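Undergrad: build me a model from this:
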Amino acid sequence: MAELFKYIYTSLPMISSLTCGMLFVVAYGQELTKVEQQVKKLLGVYFAFMILSWVYVQFNFNYEHLLKYYLPLVCFVLQLNQVIFYHFISLLTPVENDNLFHIKVHYIIPLILLFVSGIFMITFTGINQLSNDAVSSLFMPYTSLSVFFFMLCYAILGSIRVIRYKRILIKKHGREKWKVMRWMVPLMVVRFLLLILFICNPLQLNFVLIAMTLLVPVQHIIIVYNILMRNYAIISFGDHNTVMIAGGEIIALSDVFNNQEAKPVSNASLLLAKEELEQYYEESKPYLNAGFKMQDLAVYFETNRTYLSGFINKTFGVNFSQYNNLWRLKEMKYLQEHPEHKDKNQEELALMAGFSTPRAYWRAKKAAEQKVEQKDNE
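TA: Sure thing, here's the model as predicted:
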């Protein structure tokens, strides 16, 4: 009975990884931004690696004589998972002038270590004079120390990132904006607790193993719940500065100020910024009118249709009709989830959301899903 109980609770991390991973992949929305798409892919890989890690741990007890030769690969998976977790934190906490280069460097380090340790393993096992029992005694300390180093480094880097982003978010948007991201603090606390327990693990204390197996599912639940609920506020430091100036030219303010030959854009020449358009759609909801046209929007912002069409295409990557449909799909989702409209069918809700016909809704939904699939295949 005791052995059965031990097997069950030691399997909790693997079960939570599988359950949370499947739930996340299936339930996370279809209408995702580029950053959200990256988050979805990263967490999918993260949970898959967690499952592999715990499967190895479970089978290692009975097949150590075979699995010990895979220690460099297991070590690589554990190291890479720390990098993936940090990458996930970085996506949710962007900073100004951030780029993907430093993330790529972090991924290269585990690859180099895998290459070196793999060659060393092949060389080591090729020496006939050495006993195969020496493989575990030599490579297990390397695995433990390297994984500990990665856990420590990325727990610190992730915490610094969260603290830095908190200051930026509060400075730009106030403390209210930060409230949706407060869950990241206990998440990092859990990471440090796991690190402490990992240090204590060689002591083979029962409570250490139990605590680790419980904390891992807690970590997974925190992540999946808050991502599914979209409890995050991602600041854009690049394309949110896209503006349309007098003459209809569409530029990014950052490009203007980074170009020494260019003159700064004055407020007088500024006709429209991305945030202004989004705020208008958020507050006035013009898309609810099925007959809403480009000309109506152009009149509101006192510009012409050609300039406005180019602005929407360059800023959002879609045309005017597609942009309106994205807002209507968002409204449709809200109506479907609101208890007040539970007695209405899909056709009625589609008309309430601003679609001219129910068929227009299904076409827009299918087009949005196809676009998501195309991004996934890129």
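
Undergrad: quick one, strands of this structure?
TA: 242-245, 250-252, 270-273 (DSSP state E).

Undergrad: mind listing what Gln231 touches?
TA: You called it Gln, but residue 231 is Asn. Each residue near Asn231 by C-beta atoms under 8 Å, 6 or more residues apart in numbering is listed here: 180-181, 183. Glycine gets a C-beta too; all of them are placed from N, C-alpha and C.

Undergrad: how close does the residue positioned nearest the centre of the chain sit to Val45?
TA: For the chain, the residue nearest the mean C-alpha position is Val39 (2.0 Å; C-alpha atoms, centre = their mean). Distance, Val39 to Val45, using C-beta to C-beta, to the nearest Å: 11 Å.

Undergrad: tell me where the model's unsure across the stretch 201-350 of the chain.
TA: Residue ranges of the stretch 201-350 of the chain with pLDDT under 70: 204, 236-271, 302.

Undergrad: which parts of it are helices?
TA: 206-228, 253-258, 274-284, 294-300, 305-316, 320-337, 346-352 (DSSP state H, counting those that start in this stretch).

Undergrad: out of the ones you listed, which gets nearest to Ile199?
TA: Across those, Ile199 has its closest neighbour in helix 206-228 (9.3 Å, C-beta to C-beta).

Undergrad: pretty sure Lys40 sits against Val26.
TA: No: the criterion here is C-beta atoms under 8 Å, and Lys40 misses it with Val26 at 10.9 Å.

Undergrad: quick one, which of the two is more surrounded?
TA: Using other C-beta atoms under 10 Å, the more surrounded residue of Lys40 and Val26 is Lys40, with 18 against 7.

Undergrad: what pLDDT does that one get?
TA: Looking at Lys40, its pLDDT reads 85.

Undergrad: got a list of what the closest residue to it other than its chain neighbours touches?
TA: With C-beta to C-beta, 6 or more residues apart in numbering as the criterion, Lys40 has its nearest non-adjacent residue at 5.4 Å, and that residue is Tyr28. With contact taken as C-beta under 8 Å, 6+ apart, Tyr28 is in contact with 36, 40, 227-228.

Undergrad: same question, Arg328
TA: 287-288, 353-355, 361, 364.

Undergrad: that one and Ala367, how far apart?
TA: Distance from Arg328 to Ala367, by C-beta to C-beta: 12 Å.

Undergrad: equivalent analysis for Glu276, please.
TA: Glu276 is 26 Å from Ala367, by C-beta to C-beta.

Undergrad: kindly report the same for Leu67.
TA: Leu67 is 48 Å from Ala367, by C-beta to C-beta.

Undergrad: could you do Glu337 as well?
TA: In terms of C-beta to C-beta, Glu337 sits 22 Å off from Ala367.

Undergrad: next one: Lys314
TA: In terms of C-beta to C-beta, Lys314 sits 20 Å off from Ala367.

Undergrad: same deal with Glu347?
TA: 19 Å.

Undergrad: repeat that for Lys172.
TA: From Lys172 over to Ala367 the distance is 34 Å, taken as C-beta to C-beta.

Undergrad: between the two, who's got more neighbours?
TA: Comparing Lys172 with Ala367 by other C-beta under 10 Å, the one with more neighbours is Ala367, at 15 against 10.

Undergrad: ok, the more buried one touching Gln322?
TA: Yes: contact between Ala367 and Gln322 holds when scored by C-beta under 8 Å: they sit 7.4 Å apart.

Undergrad: residues contacting Cys153?
TA: Gln82.

Undergrad: check contacts around the residue nearest to the centre of the chain.
TA: Neighbour list for Val39: 88, 91-92, 227 [criterion: C-beta under 8 Å, 6+ apart].

Undergrad: narrow those residues to those in helices?
TA: Among the contacts of Val39, DSSP state H puts 88, 91-92, 227 in helices.

Undergrad: which members of these define the maximum pairwise distance?
TA: Leu91 and Ile227 (10.7 Å).

Undergrad: ok, back up a step: so which of the contacts of Asn231 wins on neighbours?
TA: Met181 (19 neighbours).

Undergrad: would you mind measuring from the closest residue to Ala48 other than its chain neighbours to Thr357?
TA: Nearest-residue entry for Ala48: Gly21, 6.7 Å, with adjacent residues in sequence omitted and distances by C-beta to C-beta, 6+ apart. Distance, Gly21 to Thr357, by C-beta to C-beta: 38 Å.

Undergrad: who has more neighbours out of those two?
TA: The neighbour comparison of Gly21 against Thr357 (other C-beta under 10 Å) goes to Gly21, with 20 against 12.

Undergrad: now do the same contact list for that one.
TA: If you count contacts by C-beta under 8 Å, 6+ apart, Gly21 has them with 43-44, 47-48, 50-51.

Undergrad: swap the cut-off to 10 Å and go again
TA: By C-beta atoms under 10 Å, 6 or more residues apart in numbering, Gly21 lies in contact with 43-48, 50-51, 220, 224.

Undergrad: out of these, list just those in helices.
TA: Using DSSP H, the contacts of Gly21 in helices are 43-48, 50-51, 220, 224.
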